[in-house]
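In: Predicted structure and sequence below. I'll ask about it afterward.
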Amino acid sequence: MRALILGGAGAVCKEATRDLALTSDFEEIAVADANAAAVERLLGEIGDPRLRPLSFDANDYDGMLRLFPQYELVVNGLPFQFDLTVNRACVESGVNGLDLSSLDEQFGLHAIASEKQMIFVPGVGATPGVTNLMVARAAEQLDRLDTVEIAFAAFRSLAPAPGLLTTTLWEFDPEEEARQQAVYEDGAWHHSPPLSGGKHFQFHDLIGEQATYFVPHDEVYTLPRSFPSLRRVSVRGCFPPRVMELMSALLHTGILGLDTIQLDGREVSAMETIRALLWQNPVSKQNPVWAYGLVVEVTGERAGRQVLHRYRNHHPPQQEWGGESAYYKNVGLPLSIGAQMIARGEVRGHGVLPPERAFRVAPFFQALADRGITIEETVEELSPA
């Protein structure tokens, strides 16, 4: 079987490429990226003859339609703005695939993908991805799910890569449309502005306790549909304290809310100007601790009593896991695991399915543990239902 990995030399996805080379039995793995030099460096470091460099233009849809049918699986590690395009090209080509995040529109392709007896799984990273499967694990043990609270702590620099800088700014953009549906409660999605819904969570020891805030994440869309009894679903997140301080200052001074600014007599995009300034600042690429923390709390009913299931991830420190890789592996390794499960036919159904409906929890969590990511589970009985 031949796999195509898009953005395979990027900051996040290179960890998926490394893991595919180390653990998969693909006959060929084409590493497609616009940065040919980065691909050459990565392939030289890995030294696996199954890896083949491939020049790729993510803006060429017709090129995708010509390229994708040459492979049995497409692994999309591109920035999230390409998710729908790649998903559509996979469905049109009839080629299985998966990606790191998701847009609600992707699930509109479900019927066509089902007719073609193919599978595409959006959102197979840390959050979404591992968090979805934590909820699925609770669902295996509960008679009914009531609420889900998800929290993440993305401990990385502000701008380790262009796509990740864009992601950070997107999560704090007060004009982002997705914030109109950032929290699910009582059958409807509700608006939440940046830095709202503050709540402290205790992450693993590398990160500790952090204040988190509502963000418009994919789990809020998929989980209520996968588990209709849910009354509430929320996702909160944070970055390292100094990143949070900077984003808070930009937000509270109104800078992130500006559409355009005047620069040397020209009208330019305010967000593009901020992005360029932050990208060119060396401090934006520095961070003392690289790690990824997840906490998921699920309440529900079992045998007539209210029960809380809490999940927390753990992973090796950056001293053992290669510095910055201590962050990136938490995202790239689930993508590789999901790709290999799809390749082996270890998925539940066809169509465009979220992780909680596509994958069985136990083998996925075991694959994470084999790579150094463990999931802690605690169960607390709250009260009679």
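Out: Ah, there it is. Numbers count the residues shown, from 1 in each chain.

In: Now for residue 358, how many residues are close by?
Out: Using other C-beta atoms under 10 Å, residue 358 is surrounded by 28 other residues. C-beta: built from backbone N, CA, C; applies to glycine.

In: got a pLDDT number for it?
Out: Residue 358 is assigned a predicted lDDT (pLDDT) of 98.

In: What is the lowest-mean-pLDDT helix or strand in the chain packed up against?
Out: For the chain, counting by mean pLDDT, DSSP states H and E, strand 260-263 ranks last in confidence among helices and strands (a mean of 85). The contact analysis (3 or more C-beta pairs under 8 Å, 6 or more residues apart in numbering; DSSP states H and E) places strand 260-263 against strand 266-269, helix 270-280.

In: Can you show me the helices along this protein?
Out: Taking DSSP state H as the test, the helices found in the chain are 13-23, 36-46, 61-67, 83-93, 110-115, 130-141, 162-172, 219-226, 241-252, 270-280, 318-321, 325-343, 355-358, 361-370.

In: between the second one and helix 13-23, how many degrees?
Out: So that's helix 36-46. Relative orientation of helix 36-46 and helix 13-23, computed by axes from the mean of the first three to the mean of the last three C-alpha atoms, to 10 degrees: 30 degrees.

In: Show residues contacting helix 36-46.
Out: 8-10, 14, 17-18, 21, 31, 33, 51, 53-55 (C-beta atoms under 8 Å, 6 or more residues apart in numbering).

In: want to throw the helices of the chain into a markdown table with distance to residue 187?
Out: Shown next, in a markdown table, are these (distance: least, C-beta to C-beta, whole Å):
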| stretch | distance to residue 187 |
| --- | --- |
| helix 13-23 | 36 |
| helix 36-46 | 46 |
| helix 61-67 | 36 |
| helix 83-93 | 26 |
| helix 110-115 | 21 |
| helix 130-141 | 18 |
| helix 162-172 | 25 |
| helix 219-226 | 8 |
| helix 241-252 | 30 |
| helix 270-280 | 33 |
| helix 318-321 | 42 |
| helix 325-343 | 30 |
| helix 355-358 | 19 |
| helix 361-370 | 26 |
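
In: And the ones you listed: which comes nearest residue 378?
Out: Each of the helices of the chain has some distance to residue 378 by C-beta to C-beta; the shortest is helix 130-141, at 11.2 Å.

In: Nearest residue to residue 176 in space, please, no chain neighbours.
Out: The shortest distance from residue 176 to any non-neighbouring residue, by C-beta to C-beta, 6 or more residues apart in numbering, is to residue 170 (6.1 Å).
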